[in-house]
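> Next come a sequence and a model predicted from it.
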Amino acid sequence: MRAVRPAALAVVSMTLAGCGSGGFGGVYGVPLPGGADLGDHPYKVTAEFANVHDLVPQAAVKVNDVAVGRVSTITLPRNGWTASVVMQVNGKVHLPADAYAQLAQSSLLGEKYIQLSAPAGGGQGTLADGSMIPMSRTNRDPEVEEVFGALSLLLNGGGIAQLRTITSELNKALGGNEPQIRQMLGRVDTLVSDLNGHRKDITDAIDGLDRLSATLASRKRQIGVVLDDLGPGLKILEEQRGSLVTMLRALENLSGVAVSTINKSKADMVADLQSLAPVLGNLADAGRDLPQSLQVLLTYPFTDEVLKGIKGDYLNIYLSVTAVPGTTVIPPLTPPADLTAARRNPKAAPMPFPLPPVGGVSSTPTAGTTLPGSPPPGSTGSPPGSTPPGSAPPASSPPGSVPPAVSPTATPSVSNGGG
C-alpha cells in the first residue's frame, strides 16, 4: 500500500502537468458551480472597459438579473489602456447590436458581474458572434471604497464646518421674502420653459455665430486693414471735436427755433388746411370729369363730337374776313370774283353740309342771310364809311402816319369733302 500511494501521486502529478501543457489555465479556467447554462451554440462578445476593478474570469453575464453567460478572458491589449473582456452568451439570448454593457456588483460585498441591456429605444440589429461593444457603451457602478473616500473627504477637509454659516446666511436672506422668492422661482420656471421651447432658435443662432466667426476668420486680413485705417480717422475726429460740438449745439438751437416756429404757426397752418379742404373736396367730386375736360381742351375746336359730323377723309375750311367799318386795310385786299358773286347773290353759291354753330353764329350761311359787314343782296357799294378796295387812304390821315390797327371780324364757313 505504501508503494502504491507514491505511484498514484506520480500519475496524478503527470496528469495535471499534461493538462497544463495542453491548455489548462489554472483554477480560473474551471467553471463555477451553479453557473449559467451556455447551451449548445454560445456566441462570443467582446466589451471594452476603462476599468474592470476586481472582475475575474468565470464571472456571470446577466440580462435583466438573469445569468445568460460567463466571462471567458480579461486581457489588456498591447500599447493599450482599456481592458478587453470576452464573454460567452447563450445562443438563445437575443440582444440588439447596439447593446450596453455595465460592470455591476451583486451586493455591498458581493461578486462583480457584467450586465447586458438594450438601449432605451429598443436598438437595431442583432448582437452576433464576434461582436464588439465599444467603451462608449460600457460603464460601471461606483465602488464602496470610492463612496467612503468621497465621504471622508467631505467630513475632514471639504468645508463641512462652514455649512452652519451657509445655512444661517441663507435663512437671513430668505426670511420674510418667501412671496418674492416664490414669485422669482415661478419666473425662473417660465424662463427655463421658454428657453426649452426655443432650443431650435438658440441652436440656429449659435450656428449663425459659428458661420460669422468662420467668415471673420477668413477675412482677418481685411479686418486688420480696417482697424489700421480706423486709427487716423479717429485722430481726425478728435482734432475736430470742437467743431463737431459746435455743430451739434447749433443743430440744437435750430431744432428749438423750428419747434417754436411750428408751434406759433400751428393755428395758421390748421386754418390753411381747413381752407384747402373744400378745394380738395371739389377736385375729388370732379372725379372723372376733370380728365375728360382736359382731353377736350387739347382737341379744341375739333373735338370728338366735331369729327363725328365729318363725312369723308378730309376737311375744308373757308374763312371770310370783313374789316370793321372805318378801318384801313394795308395792303388793300381784292376779294375773289366768286366770293364777290356769292355776296351779291347768296342763292347762287354752293351750300355746304350743315354743321353745328360755332361761337353762337351758324357756320353755314343759309339762303337769304347776309354775312356781317357785307352789303345787302343786289347792292354793289361798300359799307358806309369804309374804303373801297384799291382806293387811297382817307385824306384825314397825314402822309407817313401809321394807320389804325385792323380789327377784322371773322365769319368761318366750314365744309367737308367726300373721300
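Nice, I can see it. No experiment lies behind these values; they were computed from the predicted model shown. Numbering: from 1, shown residues only.
> And the strands in the chain?
43-49, 60-63, 66-75, 83-89, 100-105, 112-117, 131-133, 138-140, 314-322, 409-417 (DSSP state E).
> Which one of these lies nearest to residue 265?
Closest to residue 265 of those is strand 409-417 (C-beta to C-beta; 53.3 Å). From N, CA and C alone the C-beta is placed, and that goes for glycine too.
> re the thing from before, a markdown table please, covering the strands of the chain and showing distance to residue 257 and mean pLDDT.
Shown next, in a markdown table, are the strands of the chain (distance: least, C-beta to C-beta, whole Å; pLDDT from 0 to 100):
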| stretch | distance to residue 257 | mean pLDDT |
| --- | --- | --- |
| strand 43-49 | 83 | 94 |
| strand 60-63 | 90 | 93 |
| strand 66-75 | 93 | 92 |
| strand 83-89 | 88 | 93 |
| strand 100-105 | 80 | 92 |
| strand 112-117 | 83 | 93 |
| strand 131-133 | 84 | 93 |
| strand 138-140 | 79 | 92 |
| strand 314-322 | 64 | 70 |
| strand 409-417 | 61 | 46 |
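> Contacts for the longest helix belonging to the chain next, please.
Across the chain, the longest stretch assigned as helix under DSSP state H is helix 241-264. The contact list for helix 241-264 (C-beta atoms under 8 Å, 6 or more residues apart in numbering) reads 237, 269.
> So that it lines up with my notes, have the first residue be 25 from now on.
From this message on, residue numbering opens at 25, which makes the last subject helix 265-288.
> Give me the buried positions along it.
Residues of helix 265-288 classed as buried by neighbour count (16 or more other C-beta atoms under 10 Å): none.
> In this structure residue 137 contacts residue 84, no?
Yes - if you go by C-beta atoms under 8 Å, residue 137 and residue 84 touch, sitting 4.2 Å apart.
> Now do the shared contacts for these two.
residue 91.
> More neighbours: these two, which one.
The residue with more neighbours, out of residue 137 and residue 84, is residue 84; 22 against 19, by other C-beta atoms under 10 Å.
> hey, what's that one bridged with?
residue 94 (DSSP bridges).
> show me the contacts for it.
59-60, 91, 93-95, 135, 137-138.
> Residue 127 now?
Residue 127 neighbours (C-beta under 8 Å, 6+ apart): 73, 76-77, 79, 136-139, 162-165.
> Drop anything exposed from these.
By 16+ other C-beta under 10 Å, the contacts of residue 127 give 73, 76, 79, 136-139, 162, 164 as buried.
> quick one: which of the residues you listed is nearest residue 187?
Out of these, the member with the shortest distance to residue 187 (by C-beta to C-beta) is residue 164, at 30.8 Å.
> residues touching that closest one, list them.
Neighbours of residue 164 in contact, by C-beta under 8 Å, 6+ apart: 73-77, 126-128.
> So residue 265 versus residue 277, what's the distance?
Computed as C-beta to C-beta, to the nearest Å, the residue 265 to residue 277 distance reads 19 Å.
> Which residue ranges of the protein form helices?
28-45, 168-181, 187-198, 202-221, 223-242, 244-263, 265-288, 290-310, 313-322, 328-332, 361-368.
> one step back: which of the contacts of residue 84 are buried, as a ChimeraX select command?
Restricted to buried positions by 16+ other C-beta under 10 Å, the ChimeraX selection for these reads:
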select :60,93,94,95,137,138
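> ok, now how distant is residue 59 from residue 92?
In terms of C-beta to C-beta, residue 59 sits 11 Å off from residue 92.
> In contact with residue 106, which residues?
Contacts of residue 106 (C-beta under 8 Å, 6+ apart): 72-74, 100, 159.
> Got a PyMOL select line for the buried ones in those?
Buried residues among the contacts of residue 106 (16+ other C-beta under 10 Å), as a PyMOL selection:
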select buried, resi 72+73
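> Check the contacts of residue 106 and tell me the two furthest apart.
100 and 159 (13.4 Å).
> ok so, going back, turn the contacts of residue 106 into a markdown table, including distance to residue 211.
As requested, these are exported to a markdown table (distance: C-beta to C-beta, whole Å):
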| residue | distance to residue 211 |
| --- | --- |
| 72 | 47 |
| 73 | 45 |
| 74 | 42 |
| 100 | 54 |
| 159 | 43 |
